[in-house]
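S.K.: coordinates only, sequence not included:
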């Protein structure tokens, strides 16, 4: 199989319980989707480089955008940051969104050597990796809602879904 994965993408999308009228609404759902995507990537042993978002408005027009990061990652914070930047650049506030999606492509296995960056704090990256893995274990053992960021509590109606367990419709990737 070599250095690169046979899995082409991991993603989730959802139709919101109500129209998404601003970036605060989008942020709540985007975080839940990014958390799900990153947890699945870590379970499969992957790191990804390209973040893709999709937005469907109330008129059912859909746009997709993507951004390729400088380094491979499976950190929830990195994927969420990239996805939110894409949403901010492409959401025009004129037409509310009905559904959004986040996916990651361009995978490699997480055991490939990582190129260090002189502008990054390697200790912070290692700490974030440990935190993400600890949160994954807690959620696996006690359920998805055991621990959540406070920002998801601003609108419990939008954040009350578990795409990792409830909305996975494609087969598990190759290990």
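M.R.: Yep, it's here. This one's a predicted model, so the numbers in the text were calculated from it and none came from an experiment.

S.K.: Please enumerate the helices of the protein.
M.R.: For the chain, applying DSSP state H gives helices covering 23-44, 76-90, 122-142, 156-159, 163-166.

S.K.: The spatially most central residue of the chain: what's it in contact with?
M.R.: Centroid check for the chain by CA atoms, centre = their mean gives residue 34 as the closest residue, at 1.8 Å. Residue 34 is in contact with 76, 79, 80, 83, 102, counting by CB atoms under 8 Å, 6 or more residues apart in numbering. Heads up, the C-betas are built off the backbone N, CA and C, glycines and all.

S.K.: If you rank those by neighbours, which is first?
M.R.: Among the contacts of residue 34, the one with the most neighbours (other CB atoms under 10 Å) is residue 102, at 31 neighbours.

S.K.: For residue 27, list the residues it contacts.
M.R.: 84, 87, 151.

S.K.: so the second one makes contact with residue 29?
M.R.: Right, the one you point to is residue 87. No - counting by CB atoms under 8 Å, residue 87 sits too far from residue 29 to count as a contact (9.8 Å).

S.K.: Residues that sit against both of those two, list them.
M.R.: residue 100.

S.K.: Settle it for me: which of these two has more neighbours?
M.R.: Neighbours of residue 87 and residue 29, each counted by other CB under 10 Å, are more numerous for residue 29; the result is 28 against 21.

S.K.: how much space is there between that one and residue 75?
M.R.: Counting by CB to CB, to the nearest Å, the gap from residue 29 to residue 75 is 19 Å.

S.K.: for residue 75, phi and psi?
M.R.: Backbone torsions for residue 75, taken as degrees, to the nearest 10, come to phi -70, psi 130.
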